[in-house]
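Asks: Just to be clear, the model below is a prediction. Sequence and coordinates:
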Number of protein chains: 8
Amino acid sequence: MSHEQVRRILADLENGALDVSDAETRILTLLRRAPFEDLGFAKIDHHRLERRGLPEVIFGAGKTPRQIAAVAERIAASGTTLIITRVTTTAFEAVRHVVPDATFHETARMITRRATTEVTGRGVIAIATAGTSDLPVAEEARITAEALGNKVDTVYDVGVAGLHRLLSEHDRLNRARVVIAIAGMEGALPSVIGGLVRAPVVAVPTSIGYGASFGGIAALLGMLNSCTSGIAVVNIDNGFGAATMASIINHLD
Amino acid sequence: MSHEQVRRILADLENGALDVSDAETRILTLLRRAPFEDLGFAKIDHHRLERRGLPEVIFGAGKTPRQIAAVAERIAASGTTLIITRVTTTAFEAVRHVVPDATFHETARMITRRATTEVTGRGVIAIATAGTSDLPVAEEARITAEALGNKVDTVYDVGVAGLHRLLSEHDRLNRARVVIAIAGMEGALPSVIGGLVRAPVVAVPTSIGYGASFGGIAALLGMLNSCTSGIAVVNIDNGFGAATMASIINHLD
Amino acid sequence: MSHEQVRRILADLENGALDVSDAETRILTLLRRAPFEDLGFAKIDHHRLERRGLPEVIFGAGKTPRQIAAVAERIAASGTTLIITRVTTTAFEAVRHVVPDATFHETARMITRRATTEVTGRGVIAIATAGTSDLPVAEEARITAEALGNKVDTVYDVGVAGLHRLLSEHDRLNRARVVIAIAGMEGALPSVIGGLVRAPVVAVPTSIGYGASFGGIAALLGMLNSCTSGIAVVNIDNGFGAATMASIINHLD
Amino acid sequence: MSHEQVRRILADLENGALDVSDAETRILTLLRRAPFEDLGFAKIDHHRLERRGLPEVIFGAGKTPRQIAAVAERIAASGTTLIITRVTTTAFEAVRHVVPDATFHETARMITRRATTEVTGRGVIAIATAGTSDLPVAEEARITAEALGNKVDTVYDVGVAGLHRLLSEHDRLNRARVVIAIAGMEGALPSVIGGLVRAPVVAVPTSIGYGASFGGIAALLGMLNSCTSGIAVVNIDNGFGAATMASIINHLD
Amino acid sequence: MSHEQVRRILADLENGALDVSDAETRILTLLRRAPFEDLGFAKIDHHRLERRGLPEVIFGAGKTPRQIAAVAERIAASGTTLIITRVTTTAFEAVRHVVPDATFHETARMITRRATTEVTGRGVIAIATAGTSDLPVAEEARITAEALGNKVDTVYDVGVAGLHRLLSEHDRLNRARVVIAIAGMEGALPSVIGGLVRAPVVAVPTSIGYGASFGGIAALLGMLNSCTSGIAVVNIDNGFGAATMASIINHLD
Amino acid sequence: MSHEQVRRILADLENGALDVSDAETRILTLLRRAPFEDLGFAKIDHHRLERRGLPEVIFGAGKTPRQIAAVAERIAASGTTLIITRVTTTAFEAVRHVVPDATFHETARMITRRATTEVTGRGVIAIATAGTSDLPVAEEARITAEALGNKVDTVYDVGVAGLHRLLSEHDRLNRARVVIAIAGMEGALPSVIGGLVRAPVVAVPTSIGYGASFGGIAALLGMLNSCTSGIAVVNIDNGFGAATMASIINHLD
Amino acid sequence: MSHEQVRRILADLENGALDVSDAETRILTLLRRAPFEDLGFAKIDHHRLERRGLPEVIFGAGKTPRQIAAVAERIAASGTTLIITRVTTTAFEAVRHVVPDATFHETARMITRRATTEVTGRGVIAIATAGTSDLPVAEEARITAEALGNKVDTVYDVGVAGLHRLLSEHDRLNRARVVIAIAGMEGALPSVIGGLVRAPVVAVPTSIGYGASFGGIAALLGMLNSCTSGIAVVNIDNGFGAATMASIINHLD
Amino acid sequence: MSHEQVRRILADLENGALDVSDAETRILTLLRRAPFEDLGFAKIDHHRLERRGLPEVIFGAGKTPRQIAAVAERIAASGTTLIITRVTTTAFEAVRHVVPDATFHETARMITRRATTEVTGRGVIAIATAGTSDLPVAEEARITAEALGNKVDTVYDVGVAGLHRLLSEHDRLNRARVVIAIAGMEGALPSVIGGLVRAPVVAVPTSIGYGASFGGIAALLGMLNSCTSGIAVVNIDNGFGAATMASIINHLD
């Protein structure tokens, strides 16, 4: 509900085009009307960009290719950046029919179509991973962060078992405005990075590991219990969530 | 055991057709006899409709198509509504042979054959979902509620990340006699709906989500710990259970 | 925000007492103003009774006696029924100073002051427990349900280890409009009751039990996984939550 | 190590065939020698039947068909009853080559070849299940109990949602010397049976169920926390373990 | 409901003292009447001894001393053996007033008053513990088993870290008709005993242990997953439950 | 190791005061020397302020009052801000002896002594709580954030059960540069706030709640699984951690 | 059972002092006799030193002071080193009466009386802790290791949040033959140390931490999932277990 | 960073080839440079052999065959032993192209190419398993230990259900310098072995088992809670980790 709409109703009331009862009804209706588009099985929140600084994003898991394509088509039609996460090639086939210039990112399992390539973030977001196996999550974070208008620097495979690899990248990490630290197994990477840099660290546990890693819970608990300050955590394997948090921070004036 | 049966035995005793010992035996036997039908691997509870107001329902998971079809055939023969949950198309093939007018609901993974289309519930059951991915659970609830004689209103994709979508449906939710609120991830939807409507809210956690959603446990715990009153919870993904609870409430005089 | 308030603003606009800009500001302000009272550390929701059919309730755990008394005083002053859960005698001492006619319920650990003793619920709420140790939770449910205007019938110590005790109360349970079934240990009581009565069953797991009962989780899981239909579950030991759910159902026309 | 062997060594010592040092060595060696057969990857415990009253059993899961067949061949050659659990048809193909008269039980996923069909157990073992989906576990228990020389009575699909089905089988359960009670979901069946019969109840949780049944943990906890006395529990889905426990009890003089 | 009662009603009907309608009412009533005594907060199941071979037992935890004493008085008055578990000295003070010859067992935290000292069990129940810290649980088992008419042999502190201690007691364990094996920490004792004796083994995990023993869960899981056959498990620290299971087995003809 | 120190060694080498071997030894030594102070049981990291923008903080739990006071004295002596978390009054007595102008914050369980009251953060940090019971955590966050040089705005008791209370504070939340959202029970507050504001949201689960809240795990999982973007989570009850994360973000240029 | 004893029996047999039957009985008896001392509630394993290289140790938790003192007296009388873990001052009072020269270690909660102060371990055991709060566990490890004849070097408060503190102690850690690494919270210390030194690392998680540390589980999982090789883990807070493992390694030739 | 490199810089400074500022920059740079090789997606730590006594190992899970082959080629090129764990035949196809003389171990799911067959370990590493199903983990341990230069003795299928099998191998276990004990189910094997031998025991839980073994957690907890001293544990199924720990111990002088 915009101020403008309220003002117009009130003006109509003032100039006699509406009586009090009609104006009241319209205003109450307005309060419940919001800029989303109803597809029956989904309600697209076109207002999110304005309200939150983020476009509406499609979380692909659990949706059929047809549902994904239908929502993608409407978002693309609205001219905002299209971001779809957790998709397979089958979903991409469906989306390509309705959004021909969409791009599929295999490792990241994402589809994007950027409305603009302008860099709007103020600094660099560094994305560090403990190992090579963390790449799918890291790439989800990278694609998302770039689609949201950020410059990204990737620092892969710098786990704490060989500290010198991490220390050798100290400068690149120190230059970042926000650091995304991604690790499976014991999840110690954010703690160590958090002790070395000034930037806020967004930690992402991954589901990589042997036996008692419990699909990432070991890493998640490790990060939540970090002895280092200036770390906050997103869900397991949630590269997308880390990137949106990092992007919001990176867009702060 | 009906009163009538007891009365007949006693009458026979009184008129000398039975002696005390025979009557005793018959009554004791009667106490243990109940209106179920024994197929060897299953005992069909034809009495449930009278006792509980609900027909016997087949929970398909873990049963072979042959077992499902055998039970379905007997229920259909008894003339009551047939409801089968958690089935695949293979099971439907088997059921169709013995109950030709049964219907398969793909999204809901159900088979039904309604004995009547009469609406016996007193009000409307509203079914709200947080996202599009919750649809299979919501459809299981909808098909079940309708088969049990209720009018249903569906309000899909009104998750709390965009509150205006939910507020815009405030009226429809307020008109319902019972609300079923379905959500995965953090499961906040029932708490928010519970704060807005007067009706009792039956909450259904779903197994939708990233990483630490633990197949719906995060949502389950969220709903159990709701700060809002007037909410009770059924098992994860249990659209059927929510619908039967809601239907029983909706049939209260 | 009431219709009346909106109408008055619009009328003032129409008769020139307000110009469009002022009216807009007032309406937008109104939208955010709500009938709660701000004590700094707490915001009392006086609107809840109207919106939800329930008075604002004080959850005592984690609050200081002084905070409890301050909120209690304001609620009592508003003339609505006062309900405070999870309190100690120390908190009662503090409340008694500001609400002299409040009552302390020792087993239920509650304080109440009913605005009226009128029975508004349409039928009886039956409260069944599996054992004597479940009494504190049952009493919390009973006091709450009565304070909310319901007639209550208690059926205590009818656990499934001696089925005949439960069967002997079959009639009383069958007469209830809603049943609250409370059990610790394996939590089987609601399943068995659910198979015997027509009423909806609100199940409450309790934290009673040996070893691997895990403070009620065993009972909670048992109830969530009930093979019986028409059961929904509230949180462990949450007698209050069960009573509000039952009361809302019992007040349905 | 049998008494006879010790006696022979000592006799040889006494009659001079051995000197003290040799006798000592032989006795110490004897202490460590035991009647098992070493296949390299496995050590078959032929002594178990004498020591424990049970034949050596092959737990098929995690073993290759070739390993299973090799052990099966040696057990069959020793003339004792052959019992293999958790096998697929592939493993049966391999076993059939070396033990041609072995039998495959599809529902129970077992292979057996009984050394004798003599019934050695003193009474009947009753096997009760809550639902049809518990059949694979119940059949594993039945096949095992019969192979161990017990008479078995099966009472399937008598879950607590329809108590009359269970009560109608009261007599059969009461006639058993041991009852095996098998249930998934909330696992309430053993509690209810335990309240009705005199026999010891061996409870088996199964991994059947919706959502928060956690692969049988809900049922396991329910059974461990049973309010009924005279119940002990085996592992989830462990029909074999229940049957061996029941058989040992049923063979007590 | 006894056969005798049914016969009398039927006889009265036959001889005209009752008409059919009255007889029917009485029989139906009888079906719901059962030999328990209602104290309001508790229903004492005097029928249990006959139905289950066990007296009604009071689980003290969560009950007030007054409630315990009231039930104890009624059980003592009925002449059956009195067994109360999980009590403090405070409860004993209350019980002693109403049952002067009751005995308090400090280590076992129990109160008993045996109706008879007759030994009715057929063999010996051996109770083995892994360590000295398991004594409270072992004593609860011993007192219970003796009160239920069994001869008990205790074999304490024979944990698997020093196998020779266990092996030295091999004969005593082998002479038992049932073995109760009690252990905390990793809970390996039942597995090892189960491999050495012919008797059924009832395993009791205890909450003894460092760090990740999780109040007995480590031992519980160890016992449930035992690689040895002929073992069934009761709840953590549940010496009482183990003793009743063992006693029922030991009383089998 | 500062640049200055390296330069001096090299200068000494150049001017002949050191030979190559000595210089090498000194440099290698220097690499391992760092600006911390060793108290034997503790090593105070005076370098942290420079490296991380945060003073060394004392986590009081698990430390004796004497240890706390000893470290506090050294930090105060160094002139940096003193922050001690999770302390009791006993610890404060000890600290007051050596740092007389330290302040104790009772609700927050903290001791502070600010080196300066200058506000260095660029915007406002808003701290919102769902309920009054979350106050101790909120106060820990507030005291910490202020001690780190931030302006704080508190918005307490705005849980989602009464949405209008939250909506009424929309403007204050929207004006913040960072929002800390604190909630127990189902932890839905950050999701709802995250859908309303542009600022990054640092979510703090609290251990407040009934039954299955598991000491905050329910809220933690709820927040990790939030359907809203731009949220990251710190550990349960970790008001301190949330404030340091928020402060680092708020100090970004 | 020693070789000597067997030889003597056999010699007696050979010289006619025993006949075959007597000799057999004696040998079988011998096999079951072992060098432990039976106090009824406890069996002291005096053989352990010879068999395992470790004295019998008393785990104090769950034992009464009297039981502890009784066992301590017998161990002291046998002349071996006395080690008691997890004791309070009350237990020490009892022990002091029977072992006057025993020493109480307050931080470590231990009692010791060393039979000798000889250093028998081949190298140094380094004990590193992440924080000051880990001291009780570290001291338990130190006292134990020293009592077992090892030289110990302690490196306290070198957690990964300030890597320079750890790097500054690199040389001391590198000189150790075994490293014990102790940490709570995320438990990252062993991973980082394991990447820096050649020695085997025994990792000890501690129960120190905020919120979701779950009494040390977070640290335990972190250590089990370490990405570094050459690390093995003992139970939470088990300083004693780490020291015995380290001592056994340190005594390898 | 080697001493040599530092010396050369300092020499250049001394002889005027560098000025102080350049030397400083070079030294600081050097500190961050380390002997790893950067492939973009991976950083190969060639320094690990020198620093840790272990070659860089490739953990195959979660990496693509192409990534594995690329890293394998570089390691092979460096002349050190190549060890790859958790690989499929597909990965082996890729590796074989670039390292033709690599060997695939099917049961162990490993690829190796030993730089030398020299035995450098001082004693024998014994590997014991409880059952045949533990073989894949045992073989991973064996292949790894041999590749690291150790002599290995395997003692398979000696679980505690038939103690005599284990006792018969007592001598072989006693001759080992380190024992790796591998078991699923209840994981009791390390406890029993630890009570019999002098060597340190590295325990490996496996994910073998029925129902509540939870993929090895039951065994893991059993081992962590072992009542035997001198045991430390690695992660579930982590044969590789056990072997590296054992090898490091076995290479101690």
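Replies: In hand now; what should we look at? Since the model is a prediction, treat every value here as computed from it, not as a measurement.

Asks: so what's the backbone phi/psi at residue A:56?
Replies: Phi and psi for residue A:56, reported as degrees, to the nearest 10, are phi -60, psi 130.

Asks: all strands of the stretch 51-200 of chain A, in order?
Replies: For the stretch 51-200 of chain A, the strands defined by DSSP state E, counting those that start in this stretch occupy A:58-59, A:82-85, A:103-105, A:110-113, A:124-129, A:151-155, A:178-183.

Asks: Figure out which of these is closest to residue C:156.
Replies: strand A:58-59 (48.1 Å; C-beta to C-beta). Any C-beta I mention is one placed from the backbone N, CA and C, and that applies to glycine too.

Asks: Direction included, what does the closest one pair up with?
Replies: strand A:82-85 (parallel) (DSSP bridges).

Asks: And the residue of the stretch 101-250 of chain A closest to chain D?
Replies: Here the residue of the stretch 101-250 of chain A nearest chain D is residue A:214; by C-beta to the nearest C-beta that distance is 13.7 Å.

Asks: and the closest residue to that residue other than its chain neighbours, what does it touch?
Replies: Closest residue to residue A:214 apart from its sequence neighbours, by C-beta to C-beta, 6 or more residues apart in numbering or on different chains: residue G:221 at 7.3 Å. By C-beta atoms under 8 Å, 6 or more residues apart in numbering or on different chains, the contact list for residue G:221 reads A:186, A:212, A:213, A:214, A:217, A:218, A:221, A:222, G:187.

Asks: Mind doing that once more with 10 Å?
Replies: A:185-187, A:209, A:212-214, A:217-222, E:212, G:186-187, G:205, G:214, G:233, H:235 (C-beta atoms under 10 Å, 6 or more residues apart in numbering or on different chains).

Asks: now the stretch 151-253 of chain A, which segments are flagged as low pLDDT?
Replies: Residues of the stretch 151-253 of chain A that meet the criterion pLDDT under 70 lie in A:209-212.

Asks: In it, mark out all the helices, start to finish.
Replies: Taking DSSP state H, counting those that start in this stretch, the helices of the stretch 151-253 of chain A run over residues A:163-167, A:170-175, A:189-194, A:217-224, A:239-250.

Asks: can I have the shortest one written out in PDB, keeping just the CAs?
Replies: What follows is helix A:163-167 as a C-alpha-only set of coordinates in PDB (Å, rounded to 0.1, in the frame of the first residue of the first chain):
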ATOM      1  CA  LEU A 163      47.300 -23.500   8.000                       C
ATOM      2  CA  HIS A 164      49.900 -22.000   5.700                       C
ATOM      3  CA  ARG A 165      47.500 -22.300   2.800                       C
ATOM      4  CA  LEU A 166      45.100 -20.100   4.700                       C
ATOM      5  CA  LEU A 167      47.700 -17.700   5.900                       C
END
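
Asks: does any part of that helix sit near chain F?
Replies: No. Judged by C-beta under 10 Å from any C-beta of the partner chain, helix A:163-167 and chain F are separated, with a smallest distance of 11.0 Å.

Asks: Which other helices and strands does that helix contact?
Replies: Judged by 3 or more C-beta pairs under 10 Å, 6 or more residues apart in numbering or on different chains; DSSP states H and E, helix A:163-167 is in contact with helix A:189-194, helix G:163-167, helix H:20-32, strand H:36-38, strand H:43-45.

Asks: for the ones you listed, which one sits closest to residue B:90?
Replies: The closest of the helices and strands packed on helix A:163-167 to residue B:90 is helix A:189-194. By C-beta to C-beta, the value is 47.0 Å.

Asks: what is residue A:43 paired to in the beta sheet?
Replies: residue A:38.

Asks: sorry, that was for residue A:84
Replies: residue A:58, residue A:111.

Asks: ok, it touching residue A:73?
Replies: No. Contact criterion C-beta atoms under 10 Å: residue A:84 and residue A:73 do not qualify, at 11.7 Å.

Asks: rewinding a little: most neighbours per residue, which of the helices and strands packed on helix A:163-167?
Replies: helix A:189-194 (a mean of 29; mean count of other C-beta atoms under 10 Å in any protein chain shown).

Asks: Any idea how far that helix is from the middle of the chain?
Replies: Distance of helix A:189-194 from the chain centroid (C-alpha atoms, centre = their mean, to the nearest Å) equals 22 Å.

Asks: how about the CA coordinates for it, as CSV?
Replies: What follows is helix A:189-194, C-alpha atoms only, in CSV (Å, rounded to 0.1, in the frame of the first residue of the first chain):
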residue,chain,number,x,y,z
LEU,A,189,37.4,-22.5,9.2
PRO,A,190,35.2,-19.6,10.2
SER,A,191,36.7,-19.6,13.7
VAL,A,192,40.2,-19.3,12.4
ILE,A,193,39.3,-16.7,9.7
GLY,A,194,37.3,-14.8,12.3
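
Asks: Name all residues that make contact with residue A:208.
Replies: Residue A:208 touches A:129-137, A:182-185, A:187, A:215-216, A:219, A:237, G:225, G:227, H:59, H:61-63, counting by C-beta under 10 Å, 6+ apart.
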